[in-house]
Each structure stands twice: as C-alpha cells, then as structure tokens.
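1. Okay, here's the prediction I keep looking at, along with the sequence it came from:
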Amino acid sequence: MKKLILVLLIGLLVGTAAFADHDGLGIGIVGGGFWGGAGFGYPGFSLKLPSIPIFWGIYFPLYNRYFGLGVTGDYYIFDKNLVTKDLTNEDGTYKFKLDWYLGLGGFINMYFWPDDFNIGLGVRVPIGLSWHIIKPLELFLGLHPGLGFWVGKYDALPVYPFIGGEIGFRLWLK
C-alpha cells in the first residue's frame with residue numbers, strides 16, 4: 001500500500017501537461033473540507049506554479065480539540081472549456097468563460113490533538129467548474145470524492161471513503 005501511494009504522489013509531481021488557461025502563476029484563497037472523513041470548514045491557500053502541472057492546496061483545519069495542516073495536489077486530466085460567449089451589459093461587451101475540470105490527486109493531513117498525533121492520506125478525484133470572472137481572476141467550485149487512510153490512533157475507521165468540496169478564488173499572474 002505504501003508503494004502505491006508513493007507511486008501516485010511521484011506521478012503527480014512528474015506529470016507534464018500544458019494548460020492553455022493556466023499558464024502563469026496562480027495564487028488564491030480556498031475553503032474546503034471533507035464530508036464523511038474529518039468535518040468541514042478548512043481555510044487555506046491555492047497555488048499553481050507555472051512549471052509544474054499540479055494544482056496545490058494548503059489547508060489549516062482548526063477545531064475545538066485539535067489543529068492541523070493539510071496539503072493536496074491535483075493533476076487535471078481534463079481542463080476544458082464548457083462555455084465561451086460574448087455577452088453585453090450596460091458597460092459594453094465582455095467574455096463569459098466557464099470551464100470544467102476532472103483530475104486525479106492526493107492529500108496528506110496532519111492532526112495534532114493535545115495527547116495524540118495522526119496522519120490521514122489518500123487519493124481524490126477532483127471534479128468541478130471554474131469561472132474566469134475577468135481574465136486574471138478565477139472562481140472555482142468543486143467536489144473531490146476519494147479514499148483516505150489513517151495512520152495513528154484515531155476513533156474512526158482506518159480506511160474511509162469521503163466526499164469533499166472546495167470553493168475559492170485564484171489570481172493568475174503571468
């Protein structure tokens with residue numbers, strides 16, 4: 001099992017792809033979490049480096065009994081245009097652009113309790129929509145079902161399916 005997870009993470013890091021809409025540096029804020037795994041309500045940051053085809057997320061889960069740190073990495077297998085249309089309003093014409101994406105990713109979460117430390121890791125399948133409000137600003141909304149594994153003492157199942165979600169903004173800099 002450890003070898004499979006290591007192979008998946010290496011595959012995420014060395015994959016190469018060109019994203020026509022995402023060729024610069026992307027930074028943003030994101031909120032997300034898991035249903036069926038560890039609660040919901042993780043604030044965090046989104047990052048896409050120009051030279052690596054991975055969309056990164058860094059989350060900071062905070063609850064009344066623990067805090068944590070989570071990292072996600074998603075490779076988009078499909079990142080396609082769903083709608084591109086010139087629309088007109090009182091201020092003139094603008095381009096409406098809506099994309100959809102489907103990918104494969106992984107995550108690692110570290111949880112710190114007053115008397116314990118746990119690690120959750122696993123795979124996820126991100127699927128969602130991204131709306132380019134204006135060319136450098138993107139709003140994204142997605143789900144990411146997956147399968148996670150606990151390492152350490154925890155009251156839940158050591159292997160758990162989940163459905164997660166996230167919403168955020170990304171600013172694209174060239």
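-> Right, received. Where do you want to start?
2. Gly103 looks like it's in a strand, true?
-> Yes - assigned with DSSP: H, G, I helix; E, B strand; the rest coil, Gly103 falls within a strand.
3. Please name the bridge partners of it.
-> Note on Gly103: beta-bridge partners by DSSP bridges are Tyr76.
4. Go ahead and confirm it touches Val123.
-> No - at 11.0 Å, Gly103 does not count as touching Val123 under the criterion of CB atoms under 8 Å. All C-beta atoms are positioned from the backbone trio N, CA, C, and that covers glycine.
5. Between those two, which has more neighbouring residues?
-> Between Gly103 and Val123, counting by other CB atoms under 10 Å, Gly103 is the more crowded of the two (22 against 19).
6. Now do the more buried one against Asp116, distance only.
-> Distance of Gly103 to Asp116, computed by CB to CB, to the nearest Å: 32 Å.
7. Then Gly32?
-> Applying CB to CB to Gly32 and Asp116 gives a distance of 24 Å.
8. out of the two, which sits in the busier spot?
-> A count of neighbours by other CB under 10 Å puts Gly32 above the other of Gly32 and Asp116, at 23 against 11.
9. Could you tell me the model confidence score at the more buried one?
-> pLDDT for Gly32: 80.
10. now swap in the one 3 residues further on and tell me
-> Here the pLDDT value assigned to Trp35 is 52.
11. Same check on Gly164?
-> pLDDT at Gly164 comes out at 88.
12. Test my guess that it contacts Gly146.
-> Yes - at 6.9 Å, Gly164 counts as touching Gly146 under the criterion of CB under 8 Å.
13. Overlap in contacts, the two.
-> Overlap of the contact sets of Gly164 and Gly146 (by CB atoms under 8 Å, 6 or more residues apart in numbering) consists of Arg124.
14. now the residue nearest to the spatial centre of the chain, nearest residue through space, not along the chain?
-> Nearest residue to the geometric centre of the chain (CA atoms, centre = their mean): Gly57, 5.2 Å. Nearest non-adjacent residue to Gly57, counting by CB to CB, 6 or more residues apart in numbering: Thr72, 4.0 Å away.
15. next one: Gly120
-> Nearest to Gly120 is Asn109, by CB to CB, 6+ apart, at 4.3 Å.
16. one step back: doesn't Gly31 make contact with the residue nearest to the centre of the chain?
-> No - in this structure, Gly57 is not within contact of Gly31 by CB under 8 Å, at 10.3 Å.
17. shared neighbours, these two?
-> Common neighbours of Gly57 and Gly31 are listed as Gly44, Glu166 (criterion: CB under 8 Å, 6+ apart).
18. what about Pro53, which SS state?
-> Here Pro53 takes the coil state, with states given by three-state DSSP.
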